[in-house]
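> Just to be clear, the model below is a prediction. Sequence and coordinates:
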Amino acid sequence: MHHLQLKFAALLASAAAVSCQNYAQLARKLSSTAHIYQPGSDAFNAAVLRWSNFSTPVANVVVVPGTENDVVETVKFANVHSLPFLATNGVHGSISTLGKMTHGIEIHMSQLSSIAVAQNGLTATIGGGVLSKNLTDALWAVGKQTVTGTCECVGYMGPGLGGGHGWLQGRYGLISDQYVSMNVVLANGSLITVDQRSELFWAMKGAGHNFGIVTSITSKIYDIQHPNYAMETLIFSGDKVEAVYALANQQWLTDGASMPVDLINWSYWYFDPTTDAEKPVIAFYIIQEGVQTVDAAHTNPFLQLGPITTQAVSGTYRDLAGWTGISLSSTPCQKTGNANPRFPIYLKSYNSTAQREVYDIFCTATTAPSSPFSNALFMFEGYSQQGVKAIGQDATAFAYRADNLLVAPLLTYTPNGTLVDAIASKLGNTMRNILFLGSGESSLNTYVNYAYGDETPVAWYGSDSWRQDRLCALKEDFDPRGQFSFYAPIV
Ligand SMILES: Cc1cc2nc3c(=O)[nH]c(=O)nc-3n(C[C@H](O)[C@H](O)[C@H](O)COP(=O)(O)OP(=O)(O)OC[C@H]3O[C@@H](n4cnc5c(N)ncnc54)[C@H](O)[C@@H]3O)c2cc1C
């Protein structure tokens, strides 16, 4: 750690020496389609805007590569001038460790957006700047699909490098489980192809942000099997917390079971005074593939609990993001200037007592007069897991295949100094800790891609010491100077 800090100080000292002339030299090495944006320009300002305005990375210049080789040249340039650099794409990364980047080059991947389906129809090669919706739409147009993140405006690569959850994971596994090979620019500026013959391949599937810039990935793709989906939304009042989650356990998560392969259950808590003037509601989504209406066997027991409202919709796979509030036009795809920290924990099932305890805290936080957190959201994501669990626990750097639920409060607030930041941190950690204690687990399991940033590498990458050892050894081999250590660093 001390070694890395010294390196970092050296980088800081030399940064001021990089002039516009230097960037003109870089421009001469880049392709004609590349761009370099300097501070003060509209293009620069647009490129550095982020989804979460908390502990954000700071860049002095934005390079938008037009080709794979432009990434190579930019990394080599950064190395010559001892500049930090960071790849960005969907700009939804929100882990607070990103704030450790105080200057340097943002390498904005948006132009590496090609999607090429192989002639045999079994794989597609996907550029490092593709967004989730672009991939879904491009594949859908040719009768194909693969696992992507659920939110339309999030990068395809960012989620996958941390494992990657998506609607189709119950069928096929995580986003990264689909990888066949990838082209990666390493810290030293070399471009390599990584596949199952390389030890690095294991690490790229769960801890990938730590090792390189991915210019493209070849991923497995599939014929569309179940285009149709249906969703039932049940809005419950907060007094039903114990009953709703005890029933979810009983229906789907008893004795180590996970969600049925064709079923996804998400829920959100949020304060909506038009539905309940006093307390946050529970919006409970039951999503089923391949049907026009969600099976009554799934919905009836919940209807008997007496929801305030219910709504049934049907459509296709491509409607799911709109139904669950994460399409291009939804709030999570806008850059509002808000801070958006999350405090994630993986769980195997719900503990109704803990759910009640966190609900009551969340209720106070969202409803207290002049609370900064009135727009906060609590997210409970119960994906089907069969495809994830079919792959060996140790097969990739993603450590949490045995868990069933991805849970996180998202404490949206308007930035207003360090005091409110500290209150958010305390509140989020308090609620997460209650869920952790209620889980009976011995280690805190977090999703690196939702992480707040104060967790440890053990929480992001797994508590087995062999995992930490293996990742540390690879870090030493491939990124010895910690140049890819702004996003959930292994060391
Ligand atoms: C609204 C919302 C919905 C989400 N939905 C999902 C979901 O359904 N499934 C899921 O698994 N996660 C989801 N996430 C979490 C998501 O995985 C992370 O936020 C991820 O970091 C976003 O990637 P990005 O490209 O959008 O963001 P960026 O901030 O652009 O990138 C995040 C980090 O990824 C790395 N990176 C990006 N592109 C590359 C590249 N080409 N090569 C190397 N490194 C790269 C960099 O380290 C960068 O700092 C969601 C997040 C939000 C805010």
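The structure has been received and is ready for your questions. Residues are numbered from 1 along each chain as shown.

> so which strand or helix has the nearest residue to residue 416 once chain neighbours are set aside?
Excluding the flanking residues, the one nearest residue 416 by C-beta to C-beta, 6 or more residues apart in numbering is residue 372, at 6.9 Å. (Glycine included, C-beta is placed from N, CA and C.) In this structure, residue 372 is located outside every helix and strand according to DSSP states H and E.

> distance of residue 372 from residue 419?
10 Å (C-beta to C-beta, to the nearest Å).

> Those two: who's more crowded?
Remark: of residue 372 and residue 419, residue 372 carries more neighbours, 21 against 9, as counted by other C-beta atoms under 10 Å.

> Could you measure from the more buried one over to residue 99?
19 Å.

> Can you list the buried residues in the lengthiest helix in the chain?
In the chain, assigned by DSSP state H, the helix with the most residues is helix 418-439. Going by neighbour count (16 or more other C-beta atoms under 10 Å), the buried part of helix 418-439 is 420-421, 423-425, 427-429, 431-432, 434-436, 438-439.

> do the same with stretch 25-38
By 16+ other C-beta under 10 Å, the buried positions in stretch 25-38 come out as 26, 30, 34-37.

> just checking: which of those also lie near the ligand?
Near the ligand, judged by C-beta under 6 Å from any ligand atom, there are no entries from the buried residues of stretch 25-38.

> Save those residues as a markdown table, and put in pLDDT and secondary structure too.
As requested, the buried residues of stretch 25-38 are arranged in a markdown table below (pLDDT from 0 to 100; DSSP: H, G, I helix; E, B strand; the rest coil):
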| residue | pLDDT | secondary structure |
| --- | --- | --- |
| 26 | 96 | helix |
| 30 | 98 | coil |
| 34 | 98 | coil |
| 35 | 98 | strand |
| 36 | 98 | strand |
| 37 | 97 | strand |
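
> closest to residue 126 among the residues you listed?
Distance ranking of these against residue 126, using C-beta to C-beta, places residue 34 first at 20.0 Å.

> quick one, what contacts residue 335?
If a contact means C-beta atoms under 8 Å, 6 or more residues apart in numbering, then residue 335 has 49-51, 91 as its contacts.

> about what we covered before: and the buried residues of helix 418-439, which two are furthest apart?
It's 420 and 439 that sit farthest apart of those, by C-beta to C-beta, at 28.6 Å.

> what does the stretch 301-450 of the chain put close to the ligand?
326, 332, 449-450.

> For those residues, pick the one with the most neighbours.
Neighbour counts for these (other C-beta under 10 Å) peak at residue 449, which has 27 neighbours.

> How many neighbouring residues does residue 44 have?
Residue 44 has 18 neighbours, counted by other C-beta under 10 Å.

> my read: it touches residue 36, true?
No - Residue 44 lies out of contact with residue 36 (C-beta atoms under 8 Å); the separation is 9.4 Å.

> Run through the bridge partners of residue 377.
residue 410 (DSSP bridges).

> gap between it and residue 86?
Taken as C-beta to C-beta, the span from residue 377 to residue 86 is 27 Å.

> swap in residue 434?
For residue 434, the distance to residue 86 - C-beta to C-beta - is 34 Å.

> Quick check: which ranges of the chain have low pLDDT?
Low-confidence segments of the chain (pLDDT under 70): 1-17.

> okay, now the domains of it?
Taking automatic domain parsing as the reference, the chain has its domains at 2-111, 115-223, 228-458.

> What's the local residue count around the residue of the stretch 1-150 of the chain found nearest the ligand?
Nearest residue of the stretch 1-150 of the chain to the ligand (C-beta to the nearest ligand atom) works out as residue 90 at 2.3 Å. Residue 90: 24 surrounding residues under other C-beta under 10 Å.

> secondary structure element for it?
Here residue 90 is assigned to no helix or strand, by DSSP H and E.

> try the one 3 residues further on
Take DSSP H and E as the rule and residue 93 turns out to sit in neither a helix nor a strand.

> tell me the contacts of it?
Counting by C-beta under 8 Å, 6+ apart, residue 93 has contacts 50, 158, 449, 487.

> from those, which would you call buried?
Here, 16+ other C-beta under 10 Å leaves 50, 158, 449, 487 buried among those.

> got the phi/psi numbers for the residue nearest to residue 95 when sequence neighbours are not counted?
Using C-beta to C-beta, 6+ apart and skipping the chain neighbours, the partner closest in space to residue 95 is residue 453 (4.6 Å). Backbone geometry at residue 453, expressed as degrees, to the nearest 10, gives phi 130, psi -20.

> isn't residue 453 right up against residue 54?
No - Residue 453 lies out of contact with residue 54 (C-beta under 8 Å); the separation is 9.1 Å.

> So for the two, which sits in the more crowded spot?
For residue 453 versus residue 54, neighbours defined as other C-beta under 10 Å are more numerous around residue 54 (23 against 20).

> which parts of the stretch 51-200 of the chain sit against the ligand?
So far as C-beta under 6 Å from any ligand atom goes, the stretch 51-200 of the chain lies against the ligand at 51, 86-93, 98, 109, 128, 149-151, 154-155, 157-159, 161-162, 164-166.

> For the ligand, see how far away the closest residue in space to residue 234 that isn't next to it in sequence is.
Using C-beta to C-beta, 6+ apart and skipping the chain neighbours, the partner closest in space to residue 234 is residue 307 (4.0 Å). Distance from residue 307 to the ligand, counting by C-beta to the nearest ligand atom, to the nearest Å: 25 Å.

> residues contacting residue 307?
Here residue 307 is in contact with 234-236, 240, 284 (criterion: C-beta under 8 Å, 6+ apart).

> Identify, from the residues you listed, the entry nearest to the ligand.
residue 284 (18.6 Å).

> my read: the closest one touches residue 235, true?
Yes - using C-beta under 8 Å, residue 284 makes contact with residue 235 at a distance of 7.4 Å.

> More neighbours: which of those two?
residue 284 (26 against 17).

> Would you tell me whether the helix or strand containing the more buried one gets close to the ligand?
Per DSSP H and E: residue 284 is located in strand 281-289. No - looking at strand 281-289 against the ligand by C-beta under 6 Å from any ligand atom, there are no contacts, and the closest approach is 13.2 Å.

> Check which helices and strands that strand sits against.
strand 228-236, helix 241-248, strand 263-270, helix 296-303, helix 320-323 (3 or more C-beta pairs under 8 Å, 6 or more residues apart in numbering; DSSP states H and E).

> Pull that strand out as CSV, backbone CA atoms only.
Below are the C-alpha coordinates for strand 281-289, written out as CSV (Å, rounded to 0.1, in the frame of the first residue of the first chain):
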residue,chain,number,x,y,z
VAL,A,281,-44.6,1.8,-0.1
ILE,A,282,-43.4,-1.7,-1.2
ALA,A,283,-43.6,-2.0,-4.9
PHE,A,284,-43.4,-5.8,-5.5
TYR,A,285,-42.7,-7.0,-9.0
ILE,A,286,-43.3,-10.6,-10.1
ILE,A,287,-41.9,-11.0,-13.6
GLN,A,288,-42.4,-14.2,-15.6
GLU,A,289,-40.9,-15.2,-19.0
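
> Excluding residues flanking it in the chain, which one is nearest residue 409?
residue 378 (4.9 Å).

> same check, this time on residue 182
residue 217 (4.5 Å).

> Provide the secondary structure category for that neighbour.
strand (DSSP: H, G, I helix; E, B strand; the rest coil).

> what about it, how many residues close to it?
28.

> try residue 111
With other C-beta under 10 Å as criterion, residue 111 counts 18.

> thought residue 100 was touching residue 482?
No - when contacts are counted by C-beta under 8 Å, residue 100 is not listed as touching residue 482 (10.2 Å).
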